[in-house]
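>>> all I have is the shape, not the residue letters:
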């Protein structure tokens, strides 16, 4: 399901550069295609604060396997936050699996990401009211709850992060609409080509899916002329050039719907039939939609690596940086649930939530 770029003059020029790098690789030429060192898009890294828990003064208290992946993550910053996220997810994967195995749910005969993620969402949800004490700073808060901390991060998600989620949801709706209209004909697109991220979104968050499907999703589907590409590995959504701007606006509007649902959630308010029926569902949504889907796209080779893509730009750097920062927060909260860090140790995570990504 890897996607290939459409042909136009600008894209062809970038593809030529890619061809030259792949067939005669040079680190210098590769780095020349990235933003230069010192670019403003990397400025956030000067403000980035590492976890430095008091308990880690004793090396035996450091979660060893996760820490080795953290080193790889740090080594990629600030120029390749996309690769830093990949390494950070290895630490995260290890941490949430350990949390699952060490708890009562660990008696299951099978360890899966879905079980571990649900378990860690439950664990974090039970700590959303916990208070993080903050160092005294003029004009700054004296404390913040874990719930407020997560809202700080999702409030600062870049458009590109929100568009990533919105795009795979809208495209999935478009394919399903097409298949329903063309049921029983050769025009039906094979469901195995529909991204698993969309299937997970629809299954786990049906109320939000239905809300999008009946509004921006229905409008987006009308712009599409869906078919399988000749290579049979990709879907062609068939959006005409005259409708491209309309499609982009619908993606943006859908991203805002998603962000609004996250930000408007009130702690403890979830009820059956709501978008988020419980606090744990609110947490799990952020993990699955904003982090796990990105991890899957990278790990399964379903998309070009973020900053090597011919579509990469300064916004790609900022969105990858936000993904890294949010995942760093998530990993830190898992460490909290495991007892590897204390609430006071999370002060740097609050500071990172205030970083402005330019």
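Good, I have the coordinates. As the structure is a prediction and not an experimental result, all values here were calculated from the model.
>>> contacts and neighbour counts: CA atoms only from here.
Noted.
>>> any idea how far residue 113 is from residue 198?
Using C-alpha to C-alpha, to the nearest Å, residue 113 is found at 16 Å from residue 198.
>>> meant to ask about residue 263
Separation of residue 263 from residue 198 (C-alpha to C-alpha): 21 Å.
>>> who's more crowded, the two?
Remark: of residue 263 and residue 198, residue 198 carries more neighbours, 22 against 16, as counted by other C-alpha atoms under 10 Å.
>>> mind listing what the more buried one touches?
168-169, 172 (C-alpha atoms under 8 Å, 6 or more residues apart in numbering).
>>> looking at these, which are in helices?
168-169, 172 (DSSP state H).
>>> can I get those residues in TSV including neighbour count?
Formatted as TSV, the ones in helices among the contacts of residue 198 follow (neighbours: other C-alpha atoms under 10 Å):
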residue	neighbour count
168	20
169	26
172	25
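>>> redo these as a markdown table? Include pLDDT.
Shown next, in a markdown table, are those (pLDDT from 0 to 100):
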| residue | pLDDT |
| --- | --- |
| 168 | 95 |
| 169 | 97 |
| 172 | 97 |
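>>> what sits against residue 166?
Contacts of residue 166 (C-alpha under 8 Å, 6+ apart): 251-252, 254-255, 258.
>>> what's the following helix or strand after the helix or strand that contains it?
Here residue 166 sits within helix 159-181, counting by DSSP states H and E. Of the helices and strands lying after helix 159-181 in sequence (DSSP H and E), the nearest is helix 196-204.
>>> so what's the gap between that next one and the chain middle?
Chain-centre distance of helix 196-204: 14 Å, with C-alpha atoms, centre = their mean, to the nearest Å.
>>> and the next element down the chain from it?
helix 206-213.
>>> give the contact list for residue 247.
Counting by C-alpha under 8 Å, 6+ apart, residue 247 has contacts 220, 223, 239.
>>> CSV please, covering those and showing secondary structure, neighbour count and distance to residue 131.
Shown next, in CSV, are the contacts of residue 247 (DSSP: H, G, I helix; E, B strand; the rest coil; neighbours: other C-alpha atoms under 10 Å; distance: C-alpha to C-alpha, whole Å):
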residue, secondary structure, neighbour count, distance to residue 131
220, helix, 23, 42
223, helix, 18, 47
239, coil, 18, 48
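>>> would you agree residue 69 is in contact with residue 91?
Yes. Look at residue 69 against residue 91 with C-alpha atoms under 8 Å: they come within range, at 5.4 Å.
>>> who's more crowded, those two?
More crowded of residue 69 and residue 91, by other C-alpha under 10 Å: residue 91, with 24 against 20.
>>> tell me the secondary structure for that one?
helix (DSSP: H, G, I helix; E, B strand; the rest coil).
>>> surely it is in contact with residue 73?
No. Assessed by C-alpha under 8 Å, residue 91 is found out of contact with residue 73, at 9.2 Å.
>>> who's in contact with stretch 343-358?
40-41, 43-44, 47-54, 130-135, 149, 152-153, 318, 321-322, 325, 328-329, 332, 336.
>>> any stretches of the stretch 51-200 of the chain with poor pLDDT?
106-108, 138 (pLDDT under 70).
>>> swap the cut-off to 90 and go again
For the stretch 51-200 of the chain, the stretches flagged by pLDDT under 90 are 103-110, 136-140, 195.
>>> still on that earlier bit, so which of the contacts of residue 166 is the most crowded?
Going by other C-alpha under 10 Å, residue 251 tops the contacts of residue 166 with 26 neighbours.
>>> ok, it to residue 244 distance?
11 Å.
>>> what of residue 61?
Counting by C-alpha to C-alpha - residue 61 and residue 244 are separated by 53 Å.
>>> kindly report the same for residue 255.
17 Å.
>>> same check, this time on residue 224
10 Å.
>>> residue 259 too?
Taken as C-alpha to C-alpha, the span from residue 259 to residue 244 is 23 Å.
>>> so if I had to pick from the two, which one is more boxed in?
residue 259 (19 against 12).
>>> so that one is in which element?
Going by DSSP H and E, residue 259 is part of helix 244-264.
>>> which helices and strands sit right next to the helix or strand just after that helix?
Toward the C-terminal end, the helix or strand that comes next after helix 244-264 (DSSP H and E) is helix 279-285. Using 3 or more C-alpha pairs under 8 Å, 6 or more residues apart in numbering; DSSP states H and E, the elements in contact with helix 279-285 are helix 113-125.
>>> which ChimeraX command selects the buried ones in the contacts of stretch 343-358?
With 16 or more other C-alpha atoms under 10 Å as the burial test, the buried ones among the contacts of stretch 343-358 are selected in ChimeraX as follows:
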select :41,43,44,48,51,53,131,132,133,134,149,152,153,318,321,322,325,328,329,332,336
